[in-house]
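Peer 1: just a sequence and a predicted model for now, questions to come.
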Amino acid sequence: MLTGRLLIAAMCIGQLGNLLPHMAVPAIMAQHLIPAWHLTSAEAGLMAGSFALGYTLAVPILTALTDRYDARLIVLGGSALTTLGTLTFGVFANGLVSACPIWFFTGIAFAGSYMPGLKSLTDRLPPGENSRAITCYTSSFSLGVGLSFLVMQVVADRFGWRTAFFVVALGPLLMVTACLAMAPHRPAGRDTHVFDFRPAIRNREAFGYILGYGAHGFELYGIRTWIVGFWAFVMGHHAVHSAWLSPVAVSVMFTLAAMPASIIGNEAALRFGRHRALTVVMLSSAAIAVLIGVTAASPPWLLLPLVLIYATTVTADSGALTAGMLSAATPGFRGVTMAMHSTIGFGLAGAGSWGTGIALDAAGGADSPTGWLAAFCVLAVGAAFGPLALAWSRHKS
């Protein structure tokens, strides 16, 4: 049975597999689905955001159940259903009306794997190992997203987008294997009211981190949904053709830069104070988003450094926010606190994907510099909400 570092490694590898389908729609949306299905930016954002919506509705139930039942079993089922949903999209999706419910269902399935996966990991580790283990798990999210972008775009360009869905659908089977190798666990909160979310809401310190995570999710999923479309605009606007500067390459660089950023952000939080470090990171991220929007019509060589800096700031708060929430959670109610954390985080993530698309349409479209200025300003407003939530949580009611 898996224990200690081997358990952490297995869960991180399993999560990489679960995340292979995660960005499947945003990765190919701009170059394959939007032109084939004649979608507006708002419709495309809604389609991509339907995953987060399904996740949001299911995660409070599935994660709260981990206070009563072994999280490993929920992760096992969620991972298997993620494979099923991804395969179904590849076979049956043929427009907005069919794509949204299928991707919504896949989001529901993923709700059974990400946060319950974190719970199954922390349940099996001593408390002293939790902070860095949490950061390893959350930072591997970025690597998984990068692989999702890479595999989807490469396979779709060479063999068609439906084949790409079939390929990434195999990834969650890695997490199924990891779950089967874990020892059973009896949760400490088996006698609690499993769907009572009041302890999470009343815990002002934990809820501040939860609201901050919502701001993080809004910004992160907004840019991840549209990074391929934005870079395609940049390259097309200047008629540049380079494999090293292609949307595939830049979207992968963007997501891979996020992995060390999350680790460094958590270490900074441990050294300088969580609230102080998070406030600096989130305000910096908002400022860089505005700067990218203002310079959206600039050449790729000028924008690429800004985009990569943004990749670090937009994710440097992730591990620290989640670790802060878990450290502040009331004993016996960790599952429902994590459920609230993920519900708000991914609920606002879906809003970020859709809201960015709406801003694009309203300000001139994805072929207009003013459209991208509006989109990045929307992302900046989302990021700036985080420090306000953290400041609120420090004041006694």
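Peer 2: Structure received.
Peer 1: can we go C-alpha only for contacts and neighbour counts from here?
Peer 2: Will do.
Peer 1: right, and S393 touches I210 too?
Peer 2: No - counting by CA atoms under 8 Å, S393 sits too far from I210 to count as a contact (10.1 Å).
Peer 1: who's more crowded, the two?
Peer 2: In this comparison of S393 against I210, neighbours counted by other CA atoms under 10 Å, the higher total goes to I210 at 31 against 20.
Peer 1: quick check, that one in contact with L326.
Peer 2: No - counting by CA under 8 Å, I210 stays clear of L326, with 10.0 Å between them.
Peer 1: lowest confidence element among the helices and strands of the protein?
Peer 2: In the chain, no helix or strand scores lower on mean pLDDT, DSSP states H and E than helix 258-272, which sits at a mean of 83.
Peer 1: that one packs against which elements?
Peer 2: helix 130-159, helix 274-294, helix 300-313, helix 318-328 (3 or more CA pairs under 8 Å, 6 or more residues apart in numbering; DSSP states H and E).
Peer 1: make CSV out of those and add mean pLDDT and distance to M259.
Peer 2: Listed next are the helices and strands packed on helix 258-272 as CSV, based on pLDDT from 0 to 100; distance: least, CA to CA, whole Å:
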stretch, mean pLDDT, distance to M259
helix 130-159, 85, 5
helix 274-294, 96, 15
helix 300-313, 95, 8
helix 318-328, 87, 10
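Peer 1: point out the most buried one among those helices.
Peer 2: Highest mean neighbour count among these (mean count of other CA atoms under 10 Å): helix 318-328, with a mean of 24.
Peer 1: show me how far it is from its chain's centre.
Peer 2: Its chain's C-alpha centre lies 15 Å from the corresponding centre of helix 318-328 when counted by CA atoms, centre = their mean, to the nearest Å.
Peer 1: show me the shaky parts of this protein.
Peer 2: Scanning the chain with the threshold set as pLDDT under 70 gives 127-132, 188-195, 395-397.
Peer 1: in it, which spans are strands?
Peer 2: According to DSSP state E, the chain carries no segments that qualify as strands.
Peer 1: need the helices and strands packed on helix 258-272 in TSV with distance to V336, can you?
Peer 2: What follows is those, written out as TSV (distance: least, CA to CA, whole Å):
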stretch	distance to V336
helix 130-159	17
helix 274-294	22
helix 300-313	28
helix 318-328	11
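Peer 1: before we move on, the earlier item: what residues sit buried inside the least confident helix or strand of the chain?
Peer 2: Taking 16 or more other CA atoms under 10 Å as the neighbour-count basis, helix 258-272 is seen to contain the buried residues A258, M259, P260, A261, S262, I263, I264, G265, N266, E267, A268, A269.
Peer 1: could you report the distance from the spatially closest residue to P60 that is not a sequence neighbour to M115?
Peer 2: Nearest-residue entry for P60: A339, 4.5 Å, with adjacent residues in sequence omitted and distances by CA to CA, 6 or more residues apart in numbering. Counting by CA to CA, to the nearest Å, the gap from A339 to M115 is 7 Å.
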